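A.B. asks: okay, predicted coordinates and the sequence, questions at the end:
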Amino acid sequence: MKVLIIEDEPSMREILERALTKERFVVETAEDCSSAMRKFGVYDYDCILLDIMLPDGNGLELLQQIKKMGKKDRVLIISAKDSIDDKVTGLNLGADDYLAKPFHIEELVARVKSLIRRNNNSQIRLSFTNINIDESAFQAFVDDRPLDLSRKEYDILLFFMYRPNRLIHKEALAENVWGDHIDQTDNFDFIYAQIKNVRKKLSESGASAEIKSVYGFGYKFVET
Amino acid sequence: MKLIYKIIGSISLSVFFLLGVWALLTYFTLMKELNDEMDESLEDMAEMVIKQSLSGNMPDPSKTFGSPNLVIAEVTPGYAEAHPDNRFSSETFYLSEMEETVLSRVLRTVFQNPDGRFYEVIVAQPSFEKDDFAESLLYLIILLYTSMLILLIAVIVAVFRRNMRPFYKVIHWLENYNPHTSNKPLDNPTNISEFQKLNRTVTDFTRKSQEAFEQQKEFIGNASHEMQTPLAVSMNRLEILADESPTLSENDLNEIMKTRHTLNQIIKMNKSLLLLSKIDNDQFPEAAPISFDVLVEKHLGIFAEAYSHKNIRVKTDIREAFIHTMNDSLADIIVVNLLKNAYIYSDAGSEISVSMTPDAFVVSNTASDGPLDEEKIFERFYRQTTQKGSSGLGLAIAKGIGKISRLQIDYAYRENRHVFTVSKQ
């Protein structure tokens, strides 16, 4: 799986590269429009991470170029602007997703994975150990036995399935499953109640992965 | 108090006294003149009587001369010596002619006949005619006085209105002036130099304030925008550190997570500031009719779950949907911020009430310590108490959204509750 990161901020670029390399992607980087053009002019990528504000041009123009060349590469816009206009224009120009800076690393990784899944063979279920999920049917399975989950429980499991073996902070989980507005609540007990249910259902159905608590502030989805 | 009333008041007061003094002076001068006139005629009368007496024809008092009544009586030389002059007096006097006692002007004078005997002549004239005259004079003066006062005020008002027009035009223009929007230029031609100066100064100041406002907006926007990437980098580095370093102890990890949490607060605040600057710049053009009941239902569910540890009761009274045409994400933010505000500032076990009619959407929560400062609660970073989870921007954002979406957001303190009302402008 090849990913191209187009980002002018060196520190940001390094972080993105590290995070994606860890997920075993083949990562290439470009720091401006011209070097990016040279790269995707020659190679095909499974996913392109595109920053909108670049020193020698606008990322949106670059996006137009990519689409004009008839490339099938998935494009994920990452922008510091977080403006609805950019989001709408970007998606209209053919970008596949939009992520506003600042974002959580695991969120970015999950989005990239999800894009690549869409690109290739989305018929194939998302899987980790003996657990798999049919995203089009909103159904989780353990060894092909359907798992009976509530809506929230399904969302939580899906969230972990995209981020296995990563340290997930409760805040990030809450924002993702309950929505952005849930930030900064002083008590995350409501997450614990749901996690408990998911854990119980996973172990009862014989799943070989579990949601482990990490020192009370986060979770890790790991193989047992 | 309006300036014109103030001016009318002050002028009326001073003119009232000045004209009053003038009227009194006129009245008394005229009355004195009248008395003098009367005394003179009495003197003439007495002189005539004395002349007749001296010529040997002592007039018969019973035969009066015209109107004045006449009494001639002999007096002792001693009395004559004691009263050498003409004596005028106002007294009640029996007028034989009218056969009754009336208030009269009386002249007493003593003379000596050629035969050496002393006589006193008393001539009297009833003064009711004079009183009648005085009365009409008084009425006339009062009439003159009041009509003059009224006319004067009318003239002042007319002159004031005509000459102060440019002043009121400037005030009106300033009242409608809003540095957030583009404004009509001040069109106020005048050849009065003071007003020209006022026009110039006002135009100058508003231009400067608009510039400062633009700069401030731009600065907040740029600053928060420029901070996004460094914030993202710091956050992500902490995440990588926590995730990838196998040697970290629980303590280290805890510190990292606490730092990350704080950093997250800065990120949220920065996002809120960006949002505010976007609202100020009116960067949310799309509008569609939004049913607030749907939004309330959606978010109440989430909040109820997230704040379940607080055991807050929610009372909803949604009779009919509040529908308003505006940007959907902004409508979402208003509802979230008001509900969140109620949840954050509610004590455990208290009650939040949400009600809705076609005209208003009301959120209220139990107040634990009295009313909030109405003037300040919608200001950025104003917090009466420090509360975990409050950025100090939520209500400012709601107010800002209201401003560009033609929604009125009001705060009131009623029956020990903080009540926030959203209504159409």
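C.D. replies: Looks like it arrived, so ask away.
A.B. asks: need the helix or strand of chain A with the lowest average pLDDT.
C.D. replies: helix A:84-92 (a mean of 77; mean pLDDT, DSSP states H and E).
A.B. asks: how about the stretch 1-150 of chain B: which residue is closest to chain A?
C.D. replies: As assessed by CB to the nearest CB, chain A sits closest to B:K2 within the stretch 1-150 of chain B, at 47.8 Å. The C-beta positions use only the backbone N, C-alpha and C, and glycine is treated the same way.
A.B. asks: burial count for that residue?
C.D. replies: 7 (other CB atoms under 10 Å in any protein chain shown).
A.B. asks: what sits against it?
C.D. replies: Shown in contact with B:K2 (CB atoms under 8 Å, 6 or more residues apart in numbering or on different chains): no residues.
A.B. asks: let me know the pLDDT of it.
C.D. replies: Each residue has a pLDDT score; the one for B:K2 is 85.
A.B. asks: check the gap between A:E223 and A:D134 for me.
C.D. replies: According to CB to CB, to the nearest Å, A:E223 stands 21 Å off from A:D134.
A.B. asks: does B:I404 touch B:K278 like I think?
C.D. replies: No. Using CB atoms under 8 Å, B:I404 is not in contact with B:K278; the gap is 10.1 Å.
A.B. asks: which residues in chain A form strands?
C.D. replies: Along chain A, counting by DSSP state E, strands occupy A:2-6, A:26-30, A:47-51, A:53-54, A:57-58, A:74-79, A:97-100, A:126-128, A:131-134, A:139-142, A:145-147, A:168-169, A:209-214, A:218-223.
A.B. asks: residues in contact with the third one?
C.D. replies: Under the criterion CB under 8 Å, 6+ apart, residues A:1-9, A:12, A:16, A:40, A:59, A:62-63, A:66, A:73-80, A:95, A:108, A:112, A:115-116, A:119 lie in contact with strand A:47-51.
A.B. asks: now do 6 Å
C.D. replies: A:3-7, A:59, A:73-78, A:112, A:115-116 (CB atoms under 6 Å, 6 or more residues apart in numbering or on different chains).
A.B. asks: now do stretch B:31-48
C.D. replies: Contacts with stretch B:31-48, where a contact means CB under 6 Å, 6+ apart, come from B:P68, B:F88, B:R105, B:L107, B:T109, B:V121, B:V123, B:K130, B:A134.
A.B. asks: 8 Å instead, please
C.D. replies: Residues outside stretch B:31-48 that contact it (CB under 8 Å, 6+ apart) are B:65, B:68, B:70, B:86, B:88, B:105-107, B:109, B:121, B:123-125, B:127, B:130, B:133-134, B:137.
A.B. asks: if we can go back for a sec, intersection of neighbour lists for B:I404 and B:K278?
C.D. replies: B:F284.
A.B. asks: low-confidence regions, chain A specifically.
C.D. replies: For chain A, the stretches with pLDDT under 70 are A:82-85, A:119-123, A:183-186.
A.B. asks: how does it look with 80?
C.D. replies: Across chain A, the ranges flagged by pLDDT under 80 are A:72, A:80-88, A:118-124, A:180-188, A:215-217.
A.B. asks: residue of it with the smallest distance to chain B?
C.D. replies: Per CB to the nearest CB, A:P102 is where chain A lies closest to chain B, at 3.2 Å.
A.B. asks: excluding its backbone neighbours, what's nearest that residue?
C.D. replies: Closest residue to A:P102 apart from its sequence neighbours, by CB to CB, 6 or more residues apart in numbering or on different chains: B:A232 at 3.2 Å.
A.B. asks: check the one you found and give its pLDDT.
C.D. replies: B:A232 carries a pLDDT value of 89.
A.B. asks: I'd like the next helix or strand past the helix or strand harbouring it.
C.D. replies: Assigned by DSSP states H and E, B:A232 belongs to helix B:193-244. Sequence order places helix B:250-280 as the next helix or strand after helix B:193-244, per DSSP H and E.
A.B. asks: show me which residues of the stretch 301-425 of chain B sit near chain A.
C.D. replies: The stretch 301-425 of chain B comes close to chain A at residues B:302, B:305-310, B:329, B:336, B:340, B:388-389, B:391, as judged by CB under 8 Å from any CB of the partner chain.
A.B. asks: contacts only, for the residue nearest to A:P102.
C.D. replies: B:A232 sits next to A:M12, A:A80, A:K101, A:P102, A:F103 when contact means CB under 8 Å, 6+ apart.
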